[in-house]
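Student: here is a sequence with its predicted model. Questions after.
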Protein chains: 2
Amino acid sequence: MAEIQVPDMVVARLPLYLRALSHMEREGTAVTSSHELATHLGLSPAQIRKDLSYFGRFGKQGTGYDVANLRARLTKILNVDRTWAMALVGAGALGLALVHYGGFQERGFYIACVFDSDPEKIGRDVAGYTVLPSDTIAEEIPHRGISIGVIAVPAEAAQAVALQLVEAGIKAILNYAPISLAVPSGVRVQQIDPVVYLQQMTFYLGSGSASQA
Amino acid sequence: MAEIQVPDMVVARLPLYLRALSHMEREGTAVTSSHELATHLGLSPAQIRKDLSYFGRFGKQGTGYDVANLRARLTKILNVDRTWAMALVGAGALGLALVHYGGFQERGFYIACVFDSDPEKIGRDVAGYTVLPSDTIAEEIPHRGISIGVIAVPAEAAQAVALQLVEAGIKAILNYAPISLAVPSGVRVQQIDPVVYLQQMTFYLGSGSASQA
DNA sequence: TAGATTGTTAATCGATTAACAATC
DNA sequence: TAGATTGTTAATCGATTAACAATC
């Protein structure tokens, strides 16, 4: 079965298309075009058509794309026509914010359980979750159908947690700790470090606009 | 003055180099090599040497790079050899977590003031900040030397907030709302939407490992 | 029909990699 | 010195764009 290899860059854009289409659908837009989508996302129309062509033919010449239909197709392609359970490790300030974040539920993800290694926190109730001890990750995760781990622990602890998650069978990790994780191939990691994004911008901002505190 | 144009992709990697070098420095590593850095970050040694070559010659043949020196150089290049003041808009759960996040201070950023549009929150104390009304953004930001805005409001409100920030002279926006922002050219936006990263991973996870709740 | 927009191919552009002389 | 690693050039690879026939 000669699968067409989809470039990573294309996969990275699909969630943006999905998000834009969901937005349009909520606004009541029934039909859109590669041009409209492109304007909305700051991309080129040709790129959007090319990206979509990896997966099929979803449009109609002269008309464009049916918003609801394309949204449904992308939902399937990204495997978010189902719900994904996630294990959150770290019940600190960030972990708490993640537990309260409504955006997961709306878009196909939910936190199934919360771990922490702090004896002060273990057993405590956090937003309806009983905090489980981190050293039970390997026991708890497998029989709960969890395939995604979210790391919200301090940088020093993150690598060890990542390995525990991998041992528990986790295949995808969303890492909020500001450190590069080493994981076996086959395990996907996505990193969210706000300072990395800020530093990308300050490069371009130059050393002007002084704000010495 | 014929500036050498640095590709965006290169700029995007510089903060990762800086983070890795800071880490090494804390660990007491005095010297490193393009090979070691590459292994650490999952890149190729040639790419790291090429990236650095846009900015100068920082290494020594046969030896590698002095960790402290390269870290200091990258810090300057990224303009984080100073402190950047940020305005946070949105004092909800996410805003609160951002206010408490220690990682900003450590790496050259700090939140200078917090805005919200909810009358319930305006005037209240949030982690030492008195919440200011969003409609005073244009007044408050200019005379505080703030050049970065952080948006942590619901998606519906994000675009309007972005425009307010731009009017106040903000040139860089870190956007946590799950929506693409339209801003004038010259204003940089970086988007952090965890679900976008999760969906990238679920594409590869396939539709296996059922976890229907 | 005339106008619009797709899907796709070929051309362009840019980024990554390989290789190696320079040199510590 | 011998071994190692840089900085840089040229070659390769891949992604984006332009263009257009197909067709709604």
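Tutor: Received, thanks.

Student: ok, now which ones touch residue A:89?
Tutor: A:95, A:114-116, A:134, A:137, A:149-153, A:161, A:165 (C-beta atoms under 8 Å, 6 or more residues apart in numbering or on different chains). Where C-beta positions appear, they are placed from N, C-alpha and C, glycine not excepted.

Student: for residue A:173, same thing?
Tutor: A:148-151, A:162, A:165, A:181, A:183, A:187-190 are the contacts of residue A:173 under C-beta under 8 Å, 6+ apart.

Student: save those residues as TSV, and put in distance to residue A:142 too.
Tutor: As requested, these are exported to TSV (distance: C-beta to C-beta, whole Å):
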residue	distance to residue A:142
A:148	14
A:149	12
A:150	17
A:151	18
A:162	17
A:165	11
A:181	21
A:183	18
A:187	15
A:188	19
A:189	20
A:190	22
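
Student: in helices, which of those fall?
Tutor: With helices defined by DSSP state H, the entries of these inside them are A:162, A:165.

Student: can you tell me the closest non-neighbouring residue to residue A:201?
Tutor: Using C-beta to C-beta, 6 or more residues apart in numbering or on different chains and skipping the chain neighbours, the partner closest in space to residue A:201 is residue B:172 (4.0 Å).

Student: right, and residue A:73 touches residue A:65 too?
Tutor: No. Counting by C-beta atoms under 8 Å, residue A:73 does not reach residue A:65; the two are 9.4 Å apart.

Student: between these two, what contacts are shared?
Tutor: Contacts common to residue A:73 and residue A:65, judged by C-beta under 8 Å, 6+ apart, are residue A:58.

Student: between the two, which one's more packed in?
Tutor: Each of residue A:73 and residue A:65 has its neighbours counted (other C-beta atoms under 10 Å in any protein chain shown); residue A:65 has more, 24 against 19.

Student: helix, strand or coil for the residue nearest the centre of chain A?
Tutor: Centroid check for chain A by C-alpha atoms, centre = their mean gives residue A:174 as the closest residue, at 6.9 Å. The three-state label given to residue A:174 by DSSP: H, G, I helix; E, B strand; the rest coil is strand.

Student: you'd agree it is up against residue A:151?
Tutor: Yes. Applying C-beta under 8 Å as the test, residue A:174 and residue A:151 come out as touching, 7.1 Å apart.

Student: give me the mean pLDDT for the longest helix seen in chain A.
Tutor: The longest helix of chain A (DSSP H) is helix A:8-27. When pLDDT is averaged along helix A:8-27, the result is 98.

Student: so is that helix next to DNA strand C?
Tutor: No. Using C-beta under 7 Å from any atom of the strand, helix A:8-27 never reaches DNA strand C; the gap is at least 10.1 Å.

Student: quick one: buried residues of that helix?
Tutor: A:10-25 (16 or more other C-beta atoms under 10 Å in any protein chain shown).

Student: and the helices in chain A?
Tutor: Counting by DSSP H, the helices of chain A are A:8-27, A:34-41, A:45-53, A:67-77, A:93-100, A:103-106, A:137-140, A:155-167, A:194-205.

Student: let's have the ones you listed in a markdown table, adding distance to residue B:142.
Tutor: Conversion of these to a markdown table gives the following (distance: least, C-beta to C-beta, whole Å):
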| stretch | distance to residue B:142 |
| --- | --- |
| helix A:8-27 | 32 |
| helix A:34-41 | 30 |
| helix A:45-53 | 38 |
| helix A:67-77 | 40 |
| helix A:93-100 | 30 |
| helix A:103-106 | 32 |
| helix A:137-140 | 49 |
| helix A:155-167 | 35 |
| helix A:194-205 | 16 |
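
Student: reformat these as CSV; add distance to DNA strand D.
Tutor: Formatted as CSV, the helices of chain A follow (distance: least, C-beta to the nearest atom of the strand, whole Å):
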stretch, distance to DNA strand D
helix A:8-27, 4
helix A:34-41, 9
helix A:45-53, 4
helix A:67-77, 13
helix A:93-100, 30
helix A:103-106, 26
helix A:137-140, 34
helix A:155-167, 24
helix A:194-205, 17
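
Student: which stretch among these comes nearest residue B:33?
Tutor: Of all those, it is helix A:155-167 that lies closest to residue B:33, at 21.2 Å by C-beta to C-beta.

Student: that closest one packs against which elements?
Tutor: strand A:84-89, helix A:137-140, strand A:148-151, strand A:172-175 (3 or more C-beta pairs under 8 Å, 6 or more residues apart in numbering or on different chains; DSSP states H and E).

Student: list the buried residues for that helix?
Tutor: A:155, A:157-159, A:161-166.

Student: so what are the domain limits for chain A?
Tutor: Using automatic domain parsing, the domain parsing of chain A gives A:8-77, A:84-196.

Student: chain center to the longest one, what's the gap?
Tutor: Averaged C-alpha coordinates place domain A:84-196 at 13 Å from its chain's average position (C-alpha atoms, centre = their mean, to the nearest Å).

Student: which residues of chain A lie near DNA strand C?
Tutor: A:33-35, A:45-46, A:49-50, A:52-53, A:57-65.

Student: about what we covered before: and the buried residues of helix A:155-167 as CSV, adding pLDDT and distance to residue B:109?
Tutor: Output for the buried residues of helix A:155-167, formatted as CSV (pLDDT from 0 to 100; distance: C-beta to C-beta, whole Å):
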residue, pLDDT, distance to residue B:109
A:155, 96, 16
A:157, 98, 23
A:158, 98, 20
A:159, 98, 24
A:161, 98, 25
A:162, 98, 26
A:163, 98, 30
A:164, 98, 31
A:165, 98, 29
A:166, 98, 32
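
Student: nearest to chain B, of those?
Tutor: residue A:155 (7.9 Å; C-beta to the nearest C-beta).

Student: rewinding a little: looking at the helices and strands packed on helix A:155-167, which is closest to residue B:79?
Tutor: Comparing the helices and strands packed on helix A:155-167 by C-beta to C-beta, strand A:172-175 comes nearest, at 25.7 Å.

Student: partner strands of the closest one, with direction?
Tutor: Paired strands of strand A:172-175, with direction, are strand A:148-151 (parallel), strand A:188-191 (parallel) (DSSP bridges).
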